[in-house]
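sharing a model that was predicted from the sequence below.
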Amino acid sequence: MTDYEDQVGFCCEELEEAVSSDPEASLIEHDSGLILLNLGHREEDGETGTVLATIRFCPFCGTEIQTDEDIEAALGAVETHD
C-alpha cells in the first residue's frame, strides 16, 4: 500500500466511495472498524433484523482489507444475535 492508502484506511477510491456508516448501505463501516456487506433484512419470530457478512477482500481491487484475526478481534466487541 502507498502512504496515502495507509492514511485513508482504504485500498482504493472505489471502496472509499462505496463504504458508508448508513446501516442501509450495501457496504457498511461498523463502529467496530469492520467493513461489512449488508445482505438485507430477515424476519424471524416476529422480529426483523439486518443480515451482515464480513468480507476479507475488497470487491473492487481484490486487496485483503481485513484478516481473519482482525474480524475475530472486532467481533468480540459486536453484539450478535443467533
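Structure received.

can you list the weak-confidence ranges in this protein?
For the chain, the stretches flagged by pLDDT under 70 are 1-8, 77-82.

any idea how far D31 is from A74?
9 Å (Cβ to Cβ, to the nearest Å). (C-beta placed from N, C-alpha, C; glycine too.)

and those two? Which one has more around it.
For A74 and D31, the more surrounded residue by other Cβ atoms under 10 Å is A74, and the numbers stand at 18 against 10.

state whether that one is indeed within a helix.
Yes - under DSSP: H, G, I helix; E, B strand; the rest coil, A74 falls within a helix.

from E13, how far out is it?
From A74 over to E13 (counting by Cβ to Cβ), the distance is 24 Å.

list the buried residues in stretch 61-71.
Neighbour-count burial for stretch 61-71, counted by 16 or more other Cβ atoms under 10 Å, picks out 65-66, 70-71.

need those residues in JSON lines with secondary structure and distance to V19, can you?
Shown next, in JSON lines, are these (DSSP: H, G, I helix; E, B strand; the rest coil; distance: Cβ to Cβ, whole Å):
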{"residue": "I65", "secondary structure": "coil", "distance to V19": "10"}
{"residue": "Q66", "secondary structure": "coil", "distance to V19": "12"}
{"residue": "D70", "secondary structure": "helix", "distance to V19": "15"}
{"residue": "I71", "secondary structure": "helix", "distance to V19": "16"}
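
the protein: strands as residue ranges?
19-20, 27-29, 35-44, 47-54 (DSSP state E).

now find how far off-centre the shortest one is within its chain.
The gap between where strand 19-20 is centred and where its chain is centred comes out at 8 Å by Cα atoms, centre = their mean, to the nearest Å.
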